[in-house]
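Peer 1: Here is a sequence together with a model predicted from it:
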Amino acid sequence: MEPLLAVRQAILQNEGMDALAIENFLCLGKAARVATCFSVAACALERAGMLDKTDLAKERLMMQESKLAYARGHIDRALLILEPVDLNVGSVRQQWLSQSSSSAARGGAMRIKQYNFARRLLWATNWMVESGQCHGQHVVDRYKLALELQPGEKGHFALGQYMDFLLRSRAKEAQDEIAQVIGTDELARKYAVETLHCYAECLRVSSSTTFLVHT
């Protein structure tokens, strides 16, 4: 596969079609990853990395590389690609609010940048929760920031699942049924209300996750 990719790259570059070559390799990388052909995906993304790229193409390449690392079971590597340094939710929120309020930030480029950041934040938070690297209010704050920057079904569903997890954990700590804990524990009631609110918002946006909501 590597020689064939090299030939494809050479042909497209020779024709001055670097942008098409990058798009081609990114699409191939995604398709190969979904098909679990990880070595092919890695080769395609490596080829994409060799070419001159726009900021948007660099962003897409980073996302694809992180997803490939995750698909291979390397969650730590995937998180390192998405977040090389620890993220301070409060500071990041203020930064984005400041940028969004400026007149120069109202263009399409800034909206795309904000959308991509929110997607990265959502993926990283999901992976942190899955790997047990982070729990508690910090996770909730990360999900809420992602939703504030880019409201959407996946964000609402992810936060709903996490609030549901907190509710069930609260019931487990109390060694009681969820219904009983909700009736006697204020924090459990808060988790239950937020869980239902998140799922309701999720279904308001789309019904594609209806059958994933467990009761």
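Peer 2: It's in.

Peer 1: Check what pLDDT residue 214 gets.
Peer 2: Looking at residue 214, its pLDDT is 49.

Peer 1: residues in contact with the most centrally placed residue in the chain?
Peer 2: Centroid check for the chain by Cα atoms, centre = their mean gives residue 123 as the closest residue, at 2.2 Å. Taking Cβ atoms under 8 Å, 6 or more residues apart in numbering, we find residue 123 in contact with 63, 66-67, 82. (Each C-beta comes from the backbone N, C-alpha and C, glycine too.)

Peer 1: and with 10 Å instead?
Peer 2: Contact analysis of residue 123 by Cβ atoms under 10 Å, 6 or more residues apart in numbering lists 63, 66-67, 70, 78-79, 82-83, 146, 154, 158.

Peer 1: how much space between it and residue 192?
Peer 2: 27 Å (Cβ to Cβ, to the nearest Å).

Peer 1: Check residue 60 too.
Peer 2: Counting by Cβ to Cβ - residue 60 and residue 192 are separated by 39 Å.

Peer 1: Equivalent analysis for residue 121, please.
Peer 2: Residue 121 is 25 Å from residue 192, by Cβ to Cβ.

Peer 1: for this structure, what helix or strand is lowest in average pLDDT?
Peer 2: helix 2-14 (a mean of 54; mean pLDDT, DSSP states H and E).
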